[in-house]
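[1] give me coordinates for this.
(one chain, ligands or ions: 2)
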Amino acid sequence: MTDAPEDKILVGIIGGSGLYHMDNLTFVKEVNPDTPWGKPSAPIVISKAPGGTLVAFLTRHGKGHSIAPSDVPARANIAALKSLGVRLIVAFSAVGSLREEIRPGDFAIPSQIIDRTKGVRPASFFQGLSIVAHAQFGDPFSNKLIQFLESRVRKALDGTGSELHMDKCIVCMEGPQFSTRAESKMYRSWGGDLINMSVLPEAKLAREAELSYALIATATDYDSWRPNTEAVTAAEVFKTLQKNAETSRHVTATILEELHTAAESGDILSEEAGSMKYSIMPRSEKHAEEDGKKLAFILPAYFS
Ligand SMILES: CSC[C@H]1O[C@H](OP(=O)(O)O)[C@H](O)[C@@H]1O
Ligand SMILES: Nc1ncnc2[nH]cnc12
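    Ligands and ions are numbered 1, 2, ... in the order given. Model (predicted):
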């Protein structure tokens, strides 16, 4: 690898349950950056697509799925990807379906989130520092990246038997236990369509790091809202995980080159790039030097 434009790593992929590697791409190397928030879940694997495009892959739950959703070092993960030059992240997640029409094996790209985490996960790079920031999160995913993904993911799914659902709302619960039947029904009444334990704080941190972020949700089960049906179990989730992971690898390989080109042109990054400029409180200009240094790791445009 050199510093040439074709050797830039602009696209980051985060793999969730079942998606632990990208074995359909050519391995280049592993990197394990130290960040001010510690080490990422696992060493990040740099791979090459057939056309030469590089991609950074990070497995969210660590090697051997050893990290529970509440313990994922999400700040280190996002900071590490940003430090490699990544500008957009496509994250995969195994999710429960709260709607009959979203069948196990189907894919969905959500556009909204309901936060049901319990405040135990560090959810901001600014937490505990002398600098205050309030990122825009009304649109929790990158709208431009979602738009870009829709037609391409739909095409990639052609012939796989998986349908793509758009404009869905995902509930992020704390876990690790699954929801009760009462909670599952309540989430439906709130407008939830999908449920996982991972999209937060990942999406919030990507926004703070000015990265474009979208989630490709892969349905594994119907959670626990259906009457006269078994409530979800991990064993039920496992039944669909492997097929979903294979389809996710196929989708990634299919869209990668175009994704890289779009990131390079800057078009689909324009909403997030520069967005923190208006989120950092002006009084924070007089901050502790070491706090500025820490934030320079993810936001070098504002801190040094
Ligand atoms: C294995 S079922 C629950 C587990 O699966 C999902 O993980 P990920 O989002 O990383 O694919 C869900 O969020 C839970 O962490
Ligand atoms: N039903 C469910 N609830 C939370 N996270 C999940 N991941 C996969 N299925 C899930």
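[2] how about the chain: which residue is closest to ligand 1?
    Ligand 1 sits closest to residue 16 of the chain, with a gap of 2.2 Å, by CB to the nearest ligand atom. In short, each C-beta sits where N, CA and C put it, glycine included.
[3] just the pLDDT for that residue.
    On the pLDDT scale, residue 16 is placed at 98.
[4] so what pairs up with the spatially most central residue of the chain in the strands?
    In the chain, the C-alpha nearest the mean C-alpha coordinate belongs to residue 91, at 3.3 Å (CA atoms, centre = their mean). Residues in a beta bridge with residue 91, per DSSP bridges, are residue 14, residue 215.
[5] which residues touch it?
    13, 14, 16, 60, 198, 199, 202, 213, 214, 215, 216 (CB atoms under 8 Å, 6 or more residues apart in numbering).
[6] write out the residues of the protein neighbouring ligand 1.
    16-17, 60-61, 69, 93-94, 175, 196-198, 234, 237 (CB under 6 Å from any ligand atom).
[7] which of these fall within helices?
    Among those, the members falling in helices (DSSP state H) are 234, 237.
[8] just the terminal-to-terminal distance for stretch 292-304.
    Terminal residues of stretch 292-304 are spaced 6 Å apart (CA to CA, to the nearest Å).
[9] so which bits of it are buried?
    Buried positions in stretch 292-304, judged by neighbour count with 16 or more other CB atoms under 10 Å: 292, 294, 295, 297, 298, 299, 302, 303.
[10] confidence score at the fifth one?
    Same thing as residue 298. pLDDT recorded at residue 298 is 97.
[11] pull the contacting residues for it.
    With contacts defined as CB under 8 Å, 6+ apart, the neighbours of residue 298 are 78, 79, 82, 83, 125, 208, 209, 210.
[12] that one sits in which helix or strand?
    Counting by DSSP states H and E, no helix or strand carries residue 298.
[13] which of the contacts of residue 298 has the most neighbours?
    Taking other CB atoms under 10 Å as the neighbour criterion, residue 78 ranks highest of the contacts of residue 298 with 31 neighbours.
[14] tell me which element the most far-flung residue of the chain relative to its centre falls in.
    Most distant residue from the mean C-alpha position of the chain: residue 228, 33.5 Å away (CA atoms, centre = their mean). For residue 228, there is no host helix or strand (DSSP H and E).
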